[in-house]
Every structure is written in C-alpha cells, then in structure tokens.
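Novice: fold the following, please.
(2 chains)
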Amino acid sequence: MSPHPRDDTSESPVGDDVLVYRLVPTHWCDVVNGQWEFQSAAFDNSTPESDDECPDDMSVVLSDTLATLNRTPEALPEDTPWAGDEYGVAVLEVDYLRHEEEQQLFRTPEDDEPAHGDVCGKKAPKRRKRLKKHAQWVVRPAADPRLS
Amino acid sequence: MNASTVWDINDSSSLRWEVPYSLQRLSSVVEAPRAIRLRGPLPPWADSVVSRLSQLQAIPAVDPRGSRPMNADDVFDALDFMIRVMREDTVAPWIGRLTSGGVQLAWNVGDVEVEAVFDRAREDAEIIVAVGENEWDEPIANAETLFATVVDRLSTSHLEPASA
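Specialist: From the prediction side, this is the model:
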C-alpha cells in the first residue's frame, strides 16, 4: 500500500471538483443489451494481504494529475501495465464521494501510475450500490461482450 | 470425508462441482480442499450458476491492489440462498466475486433490482431489493419474504426477447 495520512490534510488535498477514474474489469460487469455494465462489486475496497495495510481503500486515478501529465482517461486501460482490453473506465465525482458518502481522498502515486489515488472509507453493500448508481462509463471494456 | 468436505444440497446426484479453496481459519491460512456437490434434479439456472462460479474461482486476483481467494463458506451460503428462494423459472443472477472472498448476486429485470451479498470476512450478509425508486433491505436470514415480493417479476417469462 502507498502510505497516506489518516486525515485529508496533505499539502495538496484533492479538490471537490476533481474526478476519479476507476479501472473496472469485465468480471465485475454484466452484459445488458449487448453492452458491458458495471455492477456494485466494481466499487469494492481492495483487501490487502497484510493486516498493516488499510482495508478501506479503493484504487482510482485522479483527473487533475492525469491532465497535468497530458494523459486521458480513455487511454488508461492501455496505459496501465496490468490492464488491457478486459478493463473499462468509470468516473465518479470527488464532491459526491466526500460529501454524500463520507469518503476521504488521498494522492498515493505509484511507480506505474503517478496519478494514483485512494478513496478511503467503509463501503458496505448499500454504499457500493449507490456508487454504482452514481458512476458512469468513460469507456467500456474493449473485450467483446458476446464472448463472455 | 478424507481431505475433502462435500456439501450435499439435494438428494440424487446429477452434477458435481469440486474446487480447492484457501480457507481462512483464525489468523492462519489453511489450504484445505473442499468441494460442493449439487445433486439433482437441478433447476434450469444451475448450469450457468456453476459455470460462473467456476469462472470466478479461476481468477487469480480480482483486484491487483489486493484480494483473497473465494471463500468456500460464502459460496455455499450463496448457493443455499439461491436454492431456498429461486424458482425453476427464475432468471439466473449475475454473480460477482468480492475482494474479501465474498460473493455478490444481482438481478436486474425491468425496474426490479435485487442484490444479495455473502461476505463473512466483513460480516455482511444482506439482501437489497429495489423497485423503481423504492428500496428495502433485510439480513439474508430473513430474505425469503422480501425476495418473494419480486420473484414473479424475476421470471424468465418477463425477459424481453434478445434483439437480432
């Protein structure tokens, strides 16, 4: 895990106007009317192997850093070493996450993704369902849904 | 039963699904092969459910930042739930694997949405039913009554024919 402070008081806090991009694999999508549609499970926190790591983080990419790097969210599946055609990109608003869903946002740059961030906070089933309702596709997975 | 545990859900055998699991036991991870044996007569949705569970089981990690293997107990709870509440003509649910090893089921038919979560690691076991803008939830232990309110509308007869 990239360590981050337990409060949102870093020198460069994530502003309410920032968007966060979530890489969503096809195994968290259903096929509806021939198209990939993400399900609530797509907005689950990661479960780290070590008890020392935060169990309440959901990995995202921050729009402001991405723009500074002259990169686009549409290219994230291609730009991300472990992603590819099986991944789409969903977008959520920081303003909503922070003020409606009691989440904290952190900048947690990683070697393979300098625009990486974490959405930190409990995400019980009903909250994941609300995140699904709030989120929208930027780009669906390129993988053919007919082959799922 | 030797190294394997087999859950018999019905009486006569017509389908068998066995996979090894890593089972979390207290603070240590114990490798223990377990198996789920479904016995017929099986409902029409069973094949797709078993196929999807096997597909999910084969994914090495559902989240590159960290995830656990599928929890056999959660899989069993989900199967037990489906057998208790679904009818022969109920649409097979979408099934997803949570990073904790838990299992999520989801139905979306018309304006009816149902989600059921089986996640022992996080102590989450609940069903959420939404019809239009109205939403209800119950612990899984009390799910039958809530699911019964929408089961007619989750029938395969309510599915629109696939477009050409």
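
Novice: how far off centre is stretch B:102-113?
Specialist: From the chain centre to the centre of stretch B:102-113 is a distance of 11 Å (C-alpha atoms, centre = their mean, to the nearest Å).

Novice: mind listing the helices for chain A?
Specialist: All helices of chain A, identified by DSSP state H, fall at A:63-68, A:76-79, A:94-99, A:125-134.

Novice: now those helices in TSV, with mean neighbour count, mean pLDDT and distance to residue B:93?
Specialist: C-beta coordinates here come from the backbone N, C-alpha and C atoms, glycine included. Formatted as TSV, those follow (neighbours: other C-beta atoms under 10 Å in any protein chain shown; pLDDT from 0 to 100; distance: least, C-beta to C-beta, whole Å):
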stretch	mean neighbour count	mean pLDDT	distance to residue B:93
helix A:63-68	18	96	34
helix A:76-79	18	96	27
helix A:94-99	18	98	28
helix A:125-134	19	97	15
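
Novice: number of residues surrounding residue A:43?
Specialist: A count of neighbours around residue A:43, defined by other C-beta atoms under 10 Å in any protein chain shown, yields 24.

Novice: ok, now which ones touch it?
Specialist: A:22, A:58, A:123, A:128, A:131, A:132, A:135 (C-beta atoms under 8 Å, 6 or more residues apart in numbering or on different chains).

Novice: would you mind giving these as JSON lines with distance to chain B added?
Specialist: Converted to JSON lines, the contacts of residue A:43 look like this (distance: C-beta to the nearest C-beta, whole Å):
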{"residue": "A:22", "distance to chain B": "11"}
{"residue": "A:58", "distance to chain B": "9"}
{"residue": "A:123", "distance to chain B": "10"}
{"residue": "A:128", "distance to chain B": "9"}
{"residue": "A:131", "distance to chain B": "12"}
{"residue": "A:132", "distance to chain B": "9"}
{"residue": "A:135", "distance to chain B": "15"}
